[in-house]
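Novice: Model the following, please.
(chains A and B)
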Amino acid sequence: MRIIKRSFLFMPSLLQASRCHSAPSSPAWRLFSAVASSPKVCIVGGGPAGYYTAQHLLKARSDMVVDIYERLPVPFGLVRFGVAPDHPEVKNVINTFTQTAQHKRCSFFGNVSIGTDVSVEELKKAYHAVVLSYGAEGNRLMGVPGEDLAGVFSARDFVGWYNGLPSNKELQPDLSCETAVVLGQGNVALDVARILLSPLDFLKKTDITQQALKSLRESRVRRVLIVGRRGPLQIACTIKEVREMINLPETNADMLPGDFEDIAEALKDLPRPRKRLTELMLKTVKVDDGQKANKQWGFRFLRSPLKVLSDRDGKKVAGIRLAVNKLEGSGEDARALPTGQTQDLECGLLISSIGYKSLPIDPSVPFDPHTSTVPNDMGRVSHTAGLYCSGWVKRGPTGVIATTMNDSFETARILLKDVESGALELSSNKAGAQEITSLLQTRGVRPVSFSEWEKINLEEVRRGEVLEKPREKVLDVKEMLDIAWS
Amino acid sequence: MSFSTGARRLVGLSLSRSSWIPSRGANTSSKTLSSLSRLSTRQQDLIRKRDITSCSVVQPLRSENKVVVNFINRDGEKITVKASPGDTLLDVVVEQDLDFDGYGACEGTLACSTCHLIFEEETYKQLGPISDEEMDMLDLAYGLTDTSRLGCQICLTKDLDGMTVRVPESSADIRQSDGSA
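Specialist: Next comes the predicted model:
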């Protein structure tokens, strides 16, 4: 029998950090001891970027106070609402976030909308530093006629629907058609395709919502085409997601061998990740044994949307007109140029998965409309002392969670550096959460604390147990609040 | 036994953060086993797969049977620890409180590449076979080398005594995907 010193990654690091900072010989300590106030930092957004930034800040300084503000009553952002329900292992990061949230110098204020309930200016007044980690809540639009037809959804909304995002609970997608087209070939596109084609016996054991499960049970979608504007060598998804598609039971890959004609020759010069991904696709094309499975999925390359085609009544999607492209240049930087030819694909469900984008939060915060990010240098917001950013709002909506982790640690390091150099002013005492909560009180906004979220969490897990699922998410904000404050 | 760090930590979470002392070794932990049943089938599969592929040799726990592992951290410092055969390198990092920021984010379930380690060529050759799934995750690792492996997939054996592994610098993933994980 051995005693494991820690069951979590986080706590001992904190201990180490505090040991380090309490050592009087440390030059950093001499610097800190000159300032009266402990640094108070607030983070806007309780997703992975927010929690990873908080984790690093709390760990590095034993006097750091970090408050996290979140618009929803529930934390963890896209780990809860973005990560596919059949990827529970990815959600293990919640354990680390929970430790951070339970840390005595960290507080969670859910149900507070920054920019509406409280302004960024007010936060800046109450805290020494403000970190924007609010992600990318907007969508890139296709910008083609017919985008508003019934049966056309953004992947964000579709994912939000099956993952229980309150604002998407009424989505009710009509899955009575045979063919669905997903525009975009990133991991979100493959998540959507996989959920549409996965066996229900598998999905019902995940934390997918019961209402999504019900719709999927009645779904007649048998074929999902995943369309990209460039070629197989430029595909944006990662190999894990392609392998999962290939491994779907009773489902065949329906690829067009012509798309892969010249690809084998290019293989040898590719970096390993791209090479393995391409080899896997090539293997899939060759494997076609002529037997038709019940369900199909396939990539369609070198196609860009021109127009969403409607049914006879002009109300509902019936297909998509695509421009046929050719590539200019090669490799990752190859550009898609229209050849002038077009192709129509029939479909009764069209999901656009061409990317997310961040939206401006407050007029006082710089925002670059071209990149849809907050302009920054390694997380330090340009020309705005005391303002930082991390995650998608910092670098754009790309990468896996580890990417956000690294970039959040970077922002935290930069902020800490500014504290040490004196660039971040600590001499004045800041009231922090005290000031903000009293503002909120006068405005009739009641925040949800982390322990109140834990009540929602327990209730969700309890509801899940009945259904033999890890959890059944509460879909309604009011119901979340009722449980939190019960 | 090297049951997954993930399983242990899930139990740790459900039993509150401070008080849990897992029993390990000869008397296989019933807590660990019961925690397995709470994981998804897929997680269980992953855990079992790992036990079968790379942890088939379970050695008795005796103090003289420890394996010395040298880690070179991101600052280039060498950290030497004694660990038990059968543990994964992720287990070692967790149990020895090694402060590698963000290491093991998915808790050993082959869903990220944050436990990426770089081995010496001779050591690399002694490691067990590498699965497609591990390769898939390694493809997302920053600073991938020909002797890279994921720490959660490497189980210690006596043969690996004295080995040196390097923790690569953390940075953004090379590949830019569109955000789901």
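Novice: Nearest to chain B: which residue in the stretch 101-250 of chain A?
Specialist: Of the stretch 101-250 of chain A, the residue with the smallest distance to chain B, taken as C-beta to the nearest C-beta, is A:Gly186 at 2.9 Å. C-beta here means a position set from N, CA and C on the backbone, and glycine is covered the same way.
Novice: wouldn't that residue be in contact with A:Cys237 here?
Specialist: Yes: using C-beta atoms under 8 Å, A:Gly186 makes contact with A:Cys237 at a distance of 5.5 Å.
Novice: and the residue of the stretch 101-250 of chain A closest to chain B, how many neighbours?
Specialist: Residues near A:Gly186, counting by other C-beta atoms under 10 Å in any protein chain shown, number 26.
Novice: what do you get for A:Leu424?
Specialist: Number of residues near A:Leu424 (other C-beta under 10 Å) recorded here: 20.
Novice: and if you look at A:Gln441?
Specialist: 11.
Novice: if I look at it, how far off is chain B?
Specialist: Applying C-beta to the nearest C-beta, to the nearest Å, one obtains 31 Å for the distance of A:Gln441 from chain B.
Novice: cool, and A:Leu440?
Specialist: Note on A:Leu440: its distance to chain B, by C-beta to the nearest C-beta, is 29 Å.
Novice: mind listing what the closest residue to A:Glu460 other than its chain neighbours touches?
Specialist: Setting aside the residues directly before and after it, A:Glu460 is nearest to A:Arg471 in space (C-beta to C-beta, 6 or more residues apart in numbering or on different chains), at 4.2 Å. Neighbour list for A:Arg471: A:Asp207, A:Asn457, A:Glu460, A:Val461, A:Arg463, A:Gly464 [criterion: C-beta atoms under 8 Å, 6 or more residues apart in numbering or on different chains].
Novice: gap between B:Leu90 and B:Leu160?
Specialist: For B:Leu90, the distance to B:Leu160 (C-beta to C-beta, to the nearest Å) stands at 15 Å.
Novice: err, A:Ala433, not the other one
Specialist: Relative to B:Leu160, A:Ala433 is positioned 49 Å away (criterion: C-beta to C-beta).
Novice: In three-state terms, label B:Asp136 for me.
Specialist: Reducing the assignment to helix, strand or coil with DSSP: H, G, I helix; E, B strand; the rest coil, the entry for B:Asp136 is helix.
Novice: and the helix or strand in which A:Val224 is found, is it in reach of chain B?
Specialist: Using DSSP states H and E, A:Val224 sits within strand A:223-227. No: if you take C-beta under 8 Å from any C-beta of the partner chain as the test, strand A:223-227 misses chain B, and the best it gets is 12.4 Å.
Novice: From the contact counts, what lies against the following helix or strand past that strand?
Specialist: Per DSSP H and E, strand A:223-227 leads on to helix A:239-246 as the next helix or strand towards the C-terminus. Packing partners of helix A:239-246 (3 or more C-beta pairs under 8 Å, 6 or more residues apart in numbering or on different chains; DSSP states H and E): helix A:187-197, strand A:251-253, helix A:272-287, helix B:132-138.
Novice: 10 Å - rerun?
Specialist: Applying 3 or more C-beta pairs under 10 Å, 6 or more residues apart in numbering or on different chains; DSSP states H and E, we find helix A:239-246 packed against helix A:187-197, strand A:223-227, strand A:251-253, helix A:272-287, strand A:295-300, helix B:132-138.
Novice: so which of these is the most packed in?
Specialist: Per residue and on average, the most neighbours among the helices and strands packed on helix A:239-246 fall to helix A:187-197, with a mean of 26 (mean count of other C-beta atoms under 10 Å in any protein chain shown).
Novice: Which strands or helices does it pack on?
Specialist: Under the contact definition 3+ C-beta pairs under 10 Å, 6+ apart, helix A:187-197 sits against helix A:155-162, strand A:179-183, helix A:210-217, strand A:223-227, helix A:239-246, strand A:251-253, strand A:295-300, strand A:349-352.
Novice: What is the least confident helix or strand in chain B?
Specialist: When the helices and strands of chain B are compared on mean pLDDT, DSSP states H and E, helix B:30-38 comes out lowest with a mean of 36.
Novice: Comparing B:Leu90 and B:Leu160, which residue is more hemmed in?
Specialist: The residue with the greater number of neighbours, taking B:Leu90 and B:Leu160 and applying other C-beta under 10 Å, is B:Leu90; the counts read 25 against 20.
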